[in-house]
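Undergrad: pasting a predicted model and its sequence here:
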Amino acid sequence: MSRVLSVENLGIGFRSEGQDFTVVRDVSFSLEAGETLALVGESGSGKSVTSLGVMGLLPPPPQSRTTGRIVLHSGDGDIELLDLPESRMRRLRGDRIAMIFQEPLTSLNPVHTIGDQIVEAIRSHRRVSRAKARARAVELLEQVGIPDPQDRLGTYPHELSGGMRQRIMIAIALALEPDILIADEPTTALDVTVQAQILDLLRRLQKDTGMAMLFITHDFGVVADIADRTIVMYAGQTVEEGRTGTVLSDPLMPYTIGLMNAVPRLETAGLKRGDLKTIEGFVPDPAALPQGCSFHPRCAFMQEGLCDTSPPSIEDAGGGHMVRCKRWRQIGEGRET
Amino acid sequence: MLRFLTYRLAHSLLLLFLVSVIGFTILHLAPGGPLSQFALSPGMSQAELERIAERMGLNRPLPVQYLDWAARFVTGDWGESFRDGRAVLDIILGHLFATLLLILTSTILSVGLGTLVGVLGAIRRYSAYDYLATVGAMVALSIPTFWFGLVAIYVFSLRLGWLPSGNMYTIGDESVLDYAEHLIMPSVVLALVQVAIWSRYMRSSILDVVGQDFVRTARAKGLTRRRVLYVHILRNALIPMITLTGIQLPTLLSGALVTETVFTWPGIGRLFLDSLGYNDYPVIMGVLMFTAIFVLLGNLIADILVASVDPRVRLE
Amino acid sequence: MLTNTSPPAIAEKDRRWITSRPVRRFVRHRLAITGLVMISLIALLCVVGPWVLPHGMLDIHIRDRFSPPGTETYLLGTDEMGRDLAARLFMAGRVSLMVGIAAMVLSTFLGAVIGLVAGYFGKVIGTVLMRFTDAVLCFPQIFLLLVLAAFLEPNALMITIIIALTSWMEIARIVSAEIRSLRERDFITAARISGASHTWIMFRELLPNTIGPIIVAATLTVARAILIEAYVSFLGYGIQPPLPSWGNMLNNAQQFLDTAPWLAIVPGVAITLAVTSFNFIGDGLRDALDARSDLQ
């Protein structure tokens, strides 16, 4: 498989009310064609900001500052996204990298027909006639499973349900057959049944087009369903990375373990066996990060002198499983015994 | 759309009724009472007045009088002017063009300039320009329109001699250029307050829209900044401004009256003031009612326009 | 010792302090403070000025007529009868400011009560009252004012009342809207259940919660009232001479625009400053009290 995206030491900071906050630090990952990478974390973990950084949709400096490298690998060579002027980035946006968002109900312009909005996406990147673009729009609507696509072109967003609108968002995103699709919690605002349909759709489309997908979510159920590889983020950093199966069944970072434990289990449902497990404490304020490992105040495996002094770096636990924890070996062994 | 139209029309009719009731009440406050609107001339003897009162049925119960008045009103009989006996409605319509010209020019100016200032302020939010524009708007709202007019006349007519100090045209020369020369100062003066209001609301409206998700989607699609601004942001931000125009009509008309006074512009405002001086009650009442109906109609048109432009309303 | 990665360096020159919220609030407040200072100065001048100045407003000095500002003892010059413009200005200020404030008090009271009743009772009463309010709003204020002033006798009290009668609508609308939304809240339901009377709920529970928007609207009403009094007096139907007001001073000054422009400029500046002060203060108050309607 060929690599389509490389992110190296990405750092993103914001300026708000005179103060500087680091929201993403030292994030590195890569995306291969045809694979789905899940970016998991709670709100405030920096996952959405990371994706916005890749798209170049962050506010311009000084409100935000981005460091590191983001490289788009294409047939014509490698493109350093962070070095690009806005005019060139704009041409890649929607064309080579596309993005869909969480709130389908408000993500479409209410005063334009959905046909116009799809056509607009096409014609802003390709020199085609309106007729051709409309034909392509009908094609796309069929692909995403909208019934009577020809008639639908003239409808307005508010006439459609949330699920339909999200399908249209997907149609718009896929209009130009991008290499990468970033999906920022696309199913969070939808009913569970619709959620399943959308995930199916995305999986199918990915298989048909071979695009890479960066899927952002906080729901491990969705992760298990759709992702080949998973990255867990906490307080702006990546803390665990690996094949989804491995990360979900044998997590090595205490935060991930905590998250896994917090998911209610079907086997224990109704048995009233103790309280729901939570991770004590709160996500740290980016302006006041703990010394050493960002997670240590909440960590069950915290060791004084080790975890609260210097920050851990990413270590390789074998087989592509990466952990940002100094005690991962003990944790792994503890599980085996 | 049909349901919306019916509802809106009913609303307007109700307001029209209430406006007429208020008008009728005011009429009764006039010295001489409602008699004054249809009586032949002021300064009649008491006996004559009483005879006319009897003839006009002013001793009948109020609701009956109201219906009589309202019926005449609706058919266009607004009484005759004390000054020259002409039909009030005719007189008013005769002066309408001048006021419309003034209002229209002023509105075009203020919408244009106000939009520019407002959009720039929204784009360069919190910049020095933005602060200046906001403070400037507040000061502009505080300047008495007529005073601004006087100052303008002093500078541009009396001191610099560039522009005429009054009237709509020079007798003898009624070319377009002449009209234009006369139109500049009054419309700019009238536009002052409107620009201030419009720019502030425009800025606010744009900031509202910019924060919405579909703008983010538009950017994610890789559209040019220009396209995002015009097709997505402005197209949505301008809709509430249409409603604003309707709401601003009373203020606009008030400003027009004052502007017409300072610049001796032969519009409805001038007519109104002259009539006040002559105690020409029929015309006074006529103009008052006319302005209220004008406002009512204006708002109705504005709402219909919004409905035709905003699919969410249209396809109710 | 390794520390956490430091935030991306942001250059000194990019430190635009002007965009931070505390500064924004301060500037807004600075505007409000400026307004407060201005109006206090103006009020002070109007109250104390006439006593401190060498000339009374009625003192006629024919020989010194049409003196521009700064001539001898005439701070702001003299008018066509040689009267000290400064003295007249300050006396007129007393009238204009008092009319503005009194009109505000009356119209706020009227508007608040109507809004309260309309918002609280809703349904028929509410609809009728609000439609009535809408209907009155259809009449441009000056036209209505002039008609009423022409039909009734235009003395200072009458003018104040008439201005109040044509200014209450905005407040009624605001209050009515507020009440309508507050009416459904739990604390009102609780009061109703515990047997509180309508009057109690309206005045002791609902009204205090609308004080914020009312204060903001009232401040802006003063600004409008001062302006509208100026308009009406300028047109000759407001405060009548010999009682001076800024508006009728401007009426008088029209004819001398060419020869003695200061007669027109000075009162206008006074009006602008006074009204601007109230607008600034109102804006600052809106920021502080009426968080919802933040015009960003």
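TA: Received it, and whenever you're ready, just let me know what you need. Numbers count the residues shown, from 1 in each chain, chains lettered A, B, ... in the order given.

Undergrad: helix/strand/coil for the residue of the stretch 201-337 of chain A found nearest chain C?
TA: The stretch 201-337 of chain A approaches chain C most closely through A:Ser310 (4.3 Å), counting by CB to the nearest CB. Every residue, glycine included, has its C-beta placed from N, CA and C. When classified by DSSP: H, G, I helix; E, B strand; the rest coil, A:Ser310 comes out as coil.

Undergrad: please report how far it lies from C:Thr78.
TA: From A:Ser310 across to C:Thr78, the span is 83 Å (CB to CB, to the nearest Å).

Undergrad: in which helix or strand does A:Leu39 reside?
TA: Using DSSP states H and E, the element containing A:Leu39 is strand A:36-40.

Undergrad: what comes into contact with that strand?
TA: A:29, A:31, A:47, A:50-51, A:206, A:212-218, A:220, A:222-223, A:226-233, A:244, A:259 (CB atoms under 8 Å, 6 or more residues apart in numbering or on different chains).

Undergrad: how close does the residue lying closest to B:Thr259 once chain neighbours are set aside sit to chain A?
TA: Distances taken as CB to CB, 6 or more residues apart in numbering or on different chains place B:Leu190 nearest to B:Thr259, at 4.7 Å, with adjacent residues excluded. Remark: distance between B:Leu190 and chain A (CB to the nearest CB, to the nearest Å) = 31 Å.

Undergrad: need the phi and psi values for B:Leu190.
TA: Here is the backbone geometry of B:Leu190 (degrees, to the nearest 10): phi -70, psi -30.

Undergrad: what average pLDDT does the strand holding A:Leu39 get?
TA: In this model, strand A:36-40 has an average pLDDT of 93.

Undergrad: can you tell if the helix or strand just after it touches chain C?
TA: Next helix or strand after strand A:36-40 toward the C-terminus (DSSP H and E): helix A:47-55. No. Using CB under 8 Å from any CB of the partner chain, helix A:47-55 stays clear of chain C, with a minimum separation of 11.7 Å.

Undergrad: can you give me the offset of helix A:47-55 from its chain's centre?
TA: Centroid separation for helix A:47-55 versus its chain: 8 Å, with CA atoms, centre = their mean, to the nearest Å.

Undergrad: which strands or helices does it pack on?
TA: Packing partners of helix A:47-55 (3 or more CB pairs under 8 Å, 6 or more residues apart in numbering or on different chains; DSSP states H and E): strand A:3-16, strand A:19-32, strand A:36-40, strand A:64-74, strand A:97-100, strand A:180-184, strand A:212-217.

Undergrad: any idea which of these gets closest to B:Ala70?
TA: strand A:97-100 (59.9 Å; CB to CB).

Undergrad: who does the closest one touch, helix- and strand-wise?
TA: For strand A:97-100, the elements it packs on are helix A:47-55, helix A:162-174, strand A:180-184, judged by 3+ CB pairs under 8 Å, 6+ apart.

Undergrad: ok and the helix or strand following it relative to helix A:162-174, angle-wise?
TA: For strand A:97-100, the succeeding helix or strand toward the C-terminus, using DSSP H and E, is helix A:114-123. Calculated by axes from the mean of the first three to the mean of the last three CA atoms, to 10 degrees, helix A:114-123 forms an angle of 20 degrees with helix A:162-174.

Undergrad: the residue nearest to B:Leu223 when sequence neighbours are not counted: how many residues sit nearby?
TA: Of all residues not flanking B:Leu223 in the chain, A:Ser124 sits nearest, at 5.2 Å (CB to CB, 6+ apart). A:Ser124 is flanked by 19 other residues according to other CB atoms under 10 Å in any protein chain shown.
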